[in-house]
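Enquirer: Need a 3D model of the following:
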Amino acid sequence: MTQRGVAERSKTVRFGVVGLGVAFNFLARNIQGRPHLVLAGACDLRQAALDAFAAQFGGETHRNFEDLCKSPSIDVIYVMTPNSLHREQVTMAAAHGKHVIVDKPMATSLEDCEAMNAAAERNGVILMCGHSHSYGPAVRKMREVVRSGEIGPLRMVNTWHFNDWIYRPRAGWELAPDGGGNLIFNQGAHQVDIIRVIGGGMVRSVRAMTGVWDLARPTEGAYSAFLDFEDGCTATLVYNSYAHFDTAELTEWIGEGPRGPERNAGARQRLAQISVDGEEQSKETWRYGSGRDVPASRTLTHFGLTVVSGEAGDIRQSPTGLYIYGNDGKREIAVEPATNQSNGALENMYEVLHESGKVLRSGRWGQATTEVLLAIMQSAKERREIRLHHQVAGTE
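Expert: Numbers count the residues shown, from 1 in each chain. Here you go, the predicted model:
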């Protein structure tokens, strides 16, 4: 993305958001100081969220999604609703001539992804996938270093994340695998996008295992996956959300802050103290409009620990950028946190509409990521390698 100051951007893009939930809290905070990105409208079923949006942004509010799509004051619809609603809402927005950003995961089936892409192409609008940590400046800088050839041909990428995700308050659908609620869809999309960006996008096959290790939380809460790229690069993805070890113990120097066993134990204890109905109520307090304070990100945000290996060196994150380990030793390069995963797609949409920029995470890219997620689950179920057929190359 361009690093120009926002003061130089005289044009604006007007966004309408459907789904003022937990993720919107972060978008609302991190869009501050970016006058070229205008939150001009919102749709939600909760009046408290709509009232908060109107008070904070002064935009129009709707309880009916089609009314938001019809608004002449909106250029782009950002779909931030539960996964099962993405297909219907993306196709409706496209039919009304609106460009669309759809939150990760794009969908929970390749059929839905194809329908969404077809709708965008038929109506001549841009479809992007958003809210992925692959928009983070450190991930993009890793890809830039790989493409420069500094560490030689890319051979291997490894990424690990251990935290308390499965024990955070969840809505009912988030613990229902058939409804798209599991760790693979909701967090794996971040890891897969990170790996695909660094590796260039073209995954050949997947071998994986998943885990449901607590029957009180009846959905996948852990997985290990091995990805084989078309060019011979390999990657491992590990995620364990069962709140024992925490990757932040190794990465708190990155700026994530101390978490570790105290945070994890607290997550399990808090969940044990509330009923099923109480969990829904607790999740409600995390959503936009509930008064929850979510500070804007001021430092680099990393999704676990990622190590990139080439024939002539390795890369990992540092507190302010990246460490590069080469034949001549170790050096650090700074990475400016000019954007993050919350507003990355919005910034990219602005660049495409007003600066002749390239679409970074297209609908076809999102479909390819969904294919990897589905392959992880299929491989685990069938205990075999899954070949892929819908992959697309990255644009950076």
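
Enquirer: Where does pLDDT dip in this protein?
Expert: 1-8, 179, 251-277, 292-300, 338-340 (pLDDT under 70).

Enquirer: make it 50
Expert: 1-7, 254-258 (pLDDT under 50).

Enquirer: Output the longest helix belonging to it.
Expert: As assigned by DSSP state H, the longest helix anywhere in the chain is helix 363-382.

Enquirer: got the buried residues for it?
Expert: For helix 363-382, the neighbour count (16 or more other Cβ atoms under 10 Å) marks 363-377, 379-380 as buried. Yep, even glycine has a C-beta here, placed from its N, CA and C like the rest.

Enquirer: and if you look at stretch 116-133?
Expert: 116-117, 119-120, 123, 125-133.

Enquirer: Next: stretch 168-185.
Expert: Taking 16+ other Cβ under 10 Å as the criterion, stretch 168-185 shows 168-171, 174-175, 177, 179-185 as buried.

Enquirer: just stretch 145-156 next, same as before
Expert: So for stretch 145-156, counting by 16+ other Cβ under 10 Å, buried means 145-146, 151, 154, 156.

Enquirer: Mind putting the residues you listed into JSON lines with secondary structure and distance to residue 9?
Expert: Output for the buried residues of stretch 145-156, formatted as JSON lines (DSSP: H, G, I helix; E, B strand; the rest coil; distance: Cβ to Cβ, whole Å):
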{"residue": "145", "secondary structure": "helix", "distance to residue 9": "28"}
{"residue": "146", "secondary structure": "helix", "distance to residue 9": "29"}
{"residue": "151", "secondary structure": "coil", "distance to residue 9": "34"}
{"residue": "154", "secondary structure": "strand", "distance to residue 9": "34"}
{"residue": "156", "secondary structure": "strand", "distance to residue 9": "39"}
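
Enquirer: will you turn those into JSON lines that also has distance to residue 219?
Expert: Formatted as JSON lines, the buried residues of stretch 145-156 follow (distance: Cβ to Cβ, whole Å):
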{"residue": "145", "distance to residue 219": "36"}
{"residue": "146", "distance to residue 219": "34"}
{"residue": "151", "distance to residue 219": "38"}
{"residue": "154", "distance to residue 219": "33"}
{"residue": "156", "distance to residue 219": "30"}
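
Enquirer: Out of those, the closest to residue 226 would be?
Expert: Nearest to residue 226 among these is residue 156, at 10.9 Å by Cβ to Cβ.

Enquirer: Just to check, that closest one is in contact with residue 229?
Expert: No. Using Cβ atoms under 8 Å as the test, residue 156 is too far from residue 229 to be in contact (10.0 Å).

Enquirer: Need the residues touching each of those two.
Expert: residue 235 (Cβ atoms under 8 Å, 6 or more residues apart in numbering).

Enquirer: At which residues are the strands of the stretch 151-300 of the chain located?
Expert: 154-162, 203-211, 222-229, 234-240 (DSSP state E, counting those that start in this stretch).

Enquirer: Residue 337: which of these is closest?
Expert: strand 154-162 (19.6 Å).

Enquirer: Report the central residue of the chain.
Expert: When the chain is reduced to its mean C-alpha position, the closest residue under Cα atoms, centre = their mean turns out to be residue 132, at 2.1 Å.

Enquirer: What residues sit buried inside stretch 103-110?
Expert: 103-108, 110.

Enquirer: among the residues you listed, which are in strands?
Expert: residue 103 (DSSP state E).

Enquirer: Just the closest of the buried residues of stretch 103-110 to residue 208, please.
Expert: Once Cβ to Cβ is applied, the member of these that ends up nearest residue 208 is residue 105, at 15.8 Å.

Enquirer: so who does the closest residue in space to the closest one that isn't next to it in sequence touch?
Expert: Among residues not flanking residue 105 along the chain, residue 189 sits closest, at 4.4 Å (Cβ to Cβ, 6 or more residues apart in numbering). Residue 189 sits next to 104-105, 132, 369-370, 373 when contact means Cβ under 8 Å, 6+ apart.

Enquirer: what distance separates the longest helix of the chain from the centre of its chain?
Expert: Computed by Cα atoms, centre = their mean, to the nearest Å, the chain-centroid distance of helix 363-382 equals 15 Å.

Enquirer: Show me what that helix packs onto, helices and strands only.
Expert: With contacts taken as 3 or more Cβ pairs under 8 Å, 6 or more residues apart in numbering; DSSP states H and E, helix 363-382 sits against helix 110-123, strand 127-130, helix 189-199, strand 203-211, strand 222-229, strand 386-387.

Enquirer: nearest spatial neighbour of residue 44, skipping sequence neighbours?
Expert: residue 20 (4.4 Å).

Enquirer: thinking that neighbour is in contact with residue 53, fair?
Expert: Yes. Residue 20 lies in contact with residue 53 (Cβ under 8 Å); the separation is 6.2 Å.

Enquirer: overlap in contacts of the two?
Expert: Common neighbours of residue 20 and residue 53 (Cβ under 8 Å, 6+ apart) are 42, 44, 288-289.

Enquirer: Restricted to helices, list these.
Expert: Judged by DSSP H, these include no members of helices.
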